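>>> I'd like to go over a predicted model; first the sequence, then the structure.
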Amino acid sequence: MDILTESVRALCGSVTSWNGNTCFARSRLVKSNMRCVRIALVLLMGCFPLLQAPAQLVSPGKLSRFHKHLEGVKNCTKCHNFGKSSFRENCLDCHKEIRTHIKKATGFHYYTRKIECSRCHKEHHGRDFQIVRWDPKKFDHKKTGFALEGRHAKVECRKCHNPNNIVQREIRGKSRAAKKRTYLGLEPACGNCHADEHRGQLGTKCSRCHDARGWKEITFSHAKARFKLKGKHATVACAKCHPWQNDGKSIAGDTKFLKFKGVAYTSCLDCHQDQHKGAFGANCAGCHSPVGWKQVRISESDFDHGKTHFALLGKHARVPCAKCHEGGNFKTYMNKNLESCLTCHEDFHRGQFAGRPGGGECKLCHTVEGFVPSTFELREHERARFTLQGAHVAVPCNKCHVKIIVDGKETLRFRWESFTCASCHEDYHAGQFAEKVSKEGCQSCHVENSWHQMEFDHAATAFPLIGKHVAVPCEKCHKQGRVDGKTTILYRIEDRSCRSCHRDYHQGQFADATGLTACGKCHTPFGWKQSTFDHNTMSRFRLTGAHVRVKCEKCHDKTVLSPGKGPTIKFKPLDTACSSCHKEFKRDE
């Protein structure tokens, strides 16, 4: 009666009370309003049969428990804009946290902002209906604007999405239960989930030194700091200059941290003790360099090596004179080819580059600043016989260029006779595809981006996947086994008959003399129930007349054929005499 009541109240204007049957009006408006009431009652009572179930006429169903406070016809327009196709703005009026994400151009709902809310969040399906239906394990986190890379990809969702990490104001004000349910409210700043091990010394932009691979994978370069690490400074342990501090604040169970701010560095004496007791002043660099205390610089007033045929550049300038001019003999290198590094330096590569243009000269890959690092980088590798593509680009150099012994001396390997995959990679398949690999290589199935990225076509094998076989997971057929003593996945399957995977439901009723059952006579890969059996051509008993309409199970019932086995449908042998089914006939008639 709610709709009837509300309708009469609306028509009565000045009605002051309603008891379900009578409308009491103020004295001055009794006559005029009572006439209105009579008309309303006649109209509404005529529609009374329709009003017996008003909820079904007005609402398509009950709202979920999250929106139950909006139940009732008075609240329809709080969500619905009649005459308009979209009511997204009404949703955002209540769900302010979503509107905030959209305004900030962040989060999943920003990237899906053009999709109507009702496309994902259905309503009017009852109190217990889940209006948020999704599988976090299958969710593509890139759609939030924050792709899960490195260690982030392995973290359980709720490690980040928990009430303690919520920073969005609209969500922090919600109940504890709501905050435990939601996946909203986080910001991508590292400090929102991770404690600051550095205690605020280095700001909040962690990505300057770290990335998603892990905290210990440091990308920081001291070359970008105000104090560049040169010479022996580059080999000094970090903690020698950045000592451990203890502030008593436990982060991951540790109260210690390295000091990075407030470390004095402008003078050598900030770290080093003056062995000369101040006799030569405080300018250590006048005589020494970061290469080492014992390698003293030659002052400008001494010999200028730049006036010779060999100017001392780079590390040469710091080499002691006696290293080249043994015994004070300054004519040692007269009439020698000083353009070639090999005049002084031994060929560390043991002639591996002798066949290159330039005869393997060191300066093609090195500079006078030092043999390490080499100037040979990715762009130079593109001109090599083996160009780096796909996952090879990310492989560290020393994974391929390992230490070897050449002519009794240790060096790094830079030459290969063959560039096949087997030169570096072990055959995971234990020789199952040896013949194919010898002709086409591993790339006939794999690509350089990843071993797991396949370009394999099962249709080209001896067993093309047809029908329901297409949907069968690979591991259902290709199980782990042993090949030549090695554990691997078995791909070469000799027995490809149905029985190698499927049990004989008919318990040998259709087996031939060898015990084999030709399933393909009656069944196809599209399903066991899609039988191709023709009773007239494939059995001793043709179905004619009334027999055509008889259900199969009237003749072929379930029975136990073999002790110890379950019941199955009996197909043969069956007696074809009429009396075997029609009891009203005697066999001798």
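Received, thanks.
>>> now the strands for the chain?
For the chain, strands defined by DSSP state E occupy the ranges 17-18, 23-24, 244-251, 254-258, 403-406, 409-412, 446-447, 450-454, 480-483, 486-489, 558-559, 568-569.
>>> tell me which of the ones you listed sits nearest to residue 151.
Smallest distance to residue 151 across the strands of the chain (Cβ to Cβ): 17.5 Å, for strand 244-251. To be clear about C-beta, it is placed using only N, CA and C from the backbone, and glycine gets the same treatment.
>>> so what's the gap between the closest one and the chain middle?
Taking Cα atoms, centre = their mean, to the nearest Å, one finds the center of strand 244-251 at 35 Å from the center of the full chain.
>>> paired strands for it, with orientation please.
With DSSP bridges as the criterion, the sheet partners recorded for strand 244-251 are strand 254-258 (antiparallel).
>>> circling back to that earlier point, just put the strands of the chain in TSV and tack on mean pLDDT.
Output for the strands of the chain, formatted as TSV (pLDDT from 0 to 100):
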stretch	mean pLDDT
strand 17-18	34
strand 23-24	32
strand 244-251	89
strand 254-258	90
strand 403-406	91
strand 409-412	92
strand 446-447	90
strand 450-454	85
strand 480-483	92
strand 486-489	92
strand 558-559	90
strand 568-569	91
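>>> I'd like those strands as CSV, with distance to residue 529 and mean neighbour count appended.
Listed next are the strands of the chain as CSV, based on distance: least, Cβ to Cβ, whole Å; neighbours: other Cβ atoms under 10 Å:
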stretch, distance to residue 529, mean neighbour count
strand 17-18, 64, 12
strand 23-24, 68, 18
strand 244-251, 63, 10
strand 254-258, 64, 13
strand 403-406, 64, 12
strand 409-412, 65, 14
strand 446-447, 38, 16
strand 450-454, 32, 11
strand 480-483, 32, 12
strand 486-489, 31, 14
strand 558-559, 16, 10
strand 568-569, 13, 16
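>>> same list (the ones you listed) but as CSV, adding distance to residue 538.
Putting those into CSV (distance: least, Cβ to Cβ, whole Å) gives the following:
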stretch, distance to residue 538
strand 17-18, 79
strand 23-24, 82
strand 244-251, 77
strand 254-258, 78
strand 403-406, 70
strand 409-412, 72
strand 446-447, 46
strand 450-454, 41
strand 480-483, 38
strand 486-489, 39
strand 558-559, 21
strand 568-569, 16
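>>> who wins for proximity to residue 517 among those?
Minimum separation from residue 517 across these (Cβ to Cβ) falls at strand 568-569, 13.0 Å.
>>> tell me how far residue 264 lies from residue 202.
Taking Cβ to Cβ, to the nearest Å as the measure, residue 264 and residue 202 are separated by 18 Å.
>>> out of the strands of the chain, the one nearest residue 278 is which?
If we rank the strands of the chain by Cβ to Cβ, the stretch that ends up nearest is strand 244-251, at 30.7 Å.
>>> re the thing from before, so for residue 376, which of the strands of the chain sits nearest?
Taking Cβ to Cβ as the measure, the strands of the chain were each checked against residue 376, and strand 409-412 came out nearest at 11.9 Å.
>>> strands paired with that closest one, and their directions?
Applying DSSP bridges, strand 409-412 is found paired with strand 403-406 (antiparallel).
>>> contacts for the partner strand next, please.
Taking contacts as Cβ atoms under 8 Å, 6 or more residues apart in numbering, the residues outside strand 403-406 that touch it are 350-352, 410-413.
>>> report the two of those residues separated the most.
For the contacts of strand 403-406, the maximum inter-member distance is 14.5 Å, found between 351 and 410 (Cβ to Cβ).
>>> poorly predicted segments of the stretch 201-350 of the chain, please.
Segments of the stretch 201-350 of the chain classed as low confidence (criterion: pLDDT under 70) are 276, 279-280, 296-303, 307, 328-331.
>>> for the stretch 301-450 of the chain, just list every one of the helices.
Listed in chain order, the helices of the stretch 301-450 of the chain (DSSP state H, counting those that start in this stretch) span 321-324, 378-381, 397-400, 434-440.
>>> those into CSV, with extra columns for mean neighbour count and distance to residue 185?
As requested, the helices of the stretch 301-450 of the chain are arranged in CSV below (neighbours: other Cβ atoms under 10 Å; distance: least, Cβ to Cβ, whole Å):
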stretch, mean neighbour count, distance to residue 185
helix 321-324, 12, 65
helix 378-381, 11, 42
helix 397-400, 12, 42
helix 434-440, 12, 52
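>>> so which of those is nearest residue 76?
Counting by Cβ to Cβ, and looking across all of the helices of the stretch 301-450 of the chain, nearest comes helix 378-381 at 63.6 Å.
>>> chain center to that closest one: distance?
The gap between where helix 378-381 is centred and where its chain is centred comes out at 30 Å by Cα atoms, centre = their mean.
>>> give the rounded mean pLDDT of it.
Taken as a whole, helix 378-381 has an average pLDDT of 87.
>>> over to stretch 578-586?
For stretch 578-586, the per-residue pLDDT averages 77.
>>> may I have it as PDB, with CA atoms only?
Presented in PDB, the C-alpha positions along stretch 578-586 are these (Å, rounded to 0.1, in the frame of the first residue of the first chain):
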ATOM      1  CA  CYS A 578      12.100 -61.200 -31.300                       C
ATOM      2  CA  SER A 579      11.400 -63.200 -28.100                       C
ATOM      3  CA  SER A 580      14.500 -61.800 -26.500                       C
ATOM      4  CA  CYS A 581      12.800 -58.500 -26.100                       C
ATOM      5  CA  HIS A 582       9.100 -59.300 -26.800                       C
ATOM      6  CA  LYS A 583       8.100 -61.700 -24.000                       C
ATOM      7  CA  GLU A 584       4.600 -62.200 -25.500                       C
ATOM      8  CA  PHE A 585       6.300 -64.300 -28.300                       C
ATOM      9  CA  LYS A 586       7.700 -67.700 -27.700                       C
END
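>>> just how off-centre is it within its chain?
Stretch 578-586 sits 69 Å away from the centroid of its parent chain (Cα atoms, centre = their mean).
>>> and stretch 353-363, by the same measure?
Stretch 353-363 has its average C-alpha position 44 Å from the chain's average C-alpha position, going by Cα atoms, centre = their mean.
>>> repeat for stretch 425-444
Computed by Cα atoms, centre = their mean, the separation of stretch 425-444 from the middle of its chain amounts to 28 Å.
>>> what's that stretch in contact with?
420-422, 445, 451, 483-484, 486, 488-492.
>>> endpoint to endpoint, it covers what distance?
Distance between the two ends of stretch 425-444: 15 Å, counting by Cα to Cα, to the nearest Å.
>>> before we move on, what about stretch 551-567?
Taking Cα to Cα as the measure, stretch 551-567 stretches 19 Å from start to finish.
>>> in it, which residues are buried?
Buried residues in stretch 551-567, counted by 16 or more other Cβ atoms under 10 Å: residue 555.
>>> likewise stretch 569-587?
When neighbours are counted by 16+ other Cβ under 10 Å, the buried residues of stretch 569-587 are found to be residue 570.
>>> how about the strands of the chain, which one is nearest residue 154?
Taking these one by one with Cβ to Cβ, strand 450-454 is closest: 16.5 Å.
>>> who does that closest one pair up with?
So strand 450-454, judged by DSSP bridges, has these partners: strand 446-447 (antiparallel).
>>> ok now the partner strand, how far from the chain's centre?
Using Cα atoms, centre = their mean, the distance from the centre of strand 446-447 to the centre of the chain it belongs to is 20 Å.
>>> that older thread, can you redo the contacts of strand 403-406 as a markdown table with distance to residue 377?
A markdown table is the format used below for the contacts of strand 403-406 (distance: Cβ to Cβ, whole Å):
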| residue | distance to residue 377 |
| --- | --- |
| 350 | 23 |
| 351 | 23 |
| 352 | 19 |
| 410 | 24 |
| 411 | 20 |
| 412 | 16 |
| 413 | 19 |
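>>> tell me the one of these nearest residue 401?
Ranking the contacts of strand 403-406 by separation from residue 401, with Cβ to Cβ as the measure, puts residue 412 on top at 4.8 Å.
>>> quick one: residues contacting the closest one.
Taking Cβ under 8 Å, 6+ apart as the definition of contact, the neighbours of residue 412 are 349, 398, 401-404.
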